[in-house]
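J.: Structure, please.
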Amino acid sequence: MSVAPGWSVTRRVIGSPLIAVPVLVVYVLALLPQLAPYWAATRDH
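T.: Numbering: from 1, shown residues only. Okay, the predicted model is just below:
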C-alpha cells in the first residue's frame, strides 16, 4: 500500500481476498437502482 508500506499489517491486508469486499459493496449499491425497473417488471407477471 502506498500509504503505509512499512506497516506490519500491510502485507496481510493486501494478501487477503477480503480487500475486494468494500469495492464489491460500492458496486452493488450503485447497481441496485439500475436493476429496480427490471425487478419490478419480472414481479408483475
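
J.: Off-centre distance for the lengthiest helix in the chain?
T.: Ranked by number of residues, the top helix in the chain under DSSP state H is helix 21-43. From the chain centre to the centre of helix 21-43 is a distance of 12 Å (CA atoms, centre = their mean, to the nearest Å).

J.: could I get that helix in CSV with only the CA atoms?
T.: C-alpha atoms of helix 21-43 as CSV (Å, rounded to 0.1, in the frame of the first residue of the first chain):
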residue,chain,number,x,y,z
VAL,A,21,-15.3,-6.6,-0.3
PRO,A,22,-15.6,-2.7,0.1
VAL,A,23,-15.3,-2.3,-3.7
LEU,A,24,-17.9,-5.0,-4.3
VAL,A,25,-20.3,-3.4,-1.8
VAL,A,26,-20.0,0.0,-3.5
TYR,A,27,-20.6,-1.6,-6.9
VAL,A,28,-23.7,-3.4,-5.7
LEU,A,29,-25.1,-0.3,-4.1
ALA,A,30,-24.5,1.6,-7.4
LEU,A,31,-26.1,-1.2,-9.4
LEU,A,32,-29.3,-1.7,-7.4
PRO,A,33,-31.1,1.5,-8.5
GLN,A,34,-30.5,0.4,-12.2
LEU,A,35,-31.9,-3.1,-11.6
ALA,A,36,-35.1,-1.9,-9.8
PRO,A,37,-37.2,-1.5,-13.0
TYR,A,38,-36.2,-5.0,-14.3
TRP,A,39,-37.0,-6.5,-10.9
ALA,A,40,-40.4,-4.8,-10.9
ALA,A,41,-41.1,-6.0,-14.5
THR,A,42,-40.4,-9.6,-13.6
ARG,A,43,-42.6,-9.4,-10.5
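
J.: Give me the contacts around it.
T.: The contact list for helix 21-43 (CB atoms under 8 Å, 6 or more residues apart in numbering) is empty. Quick note: C-beta positions are derived from backbone N, CA and C, even for glycine.

J.: Show me what counts as buried in the worst-scoring helix or strand of the chain on mean pLDDT.
T.: Here the helix or strand of the chain ranked lowest by mean pLDDT, DSSP states H and E is helix 10-15, holding a mean of 81. For helix 10-15, the neighbour count (16 or more other CB atoms under 10 Å) marks no residue as buried.
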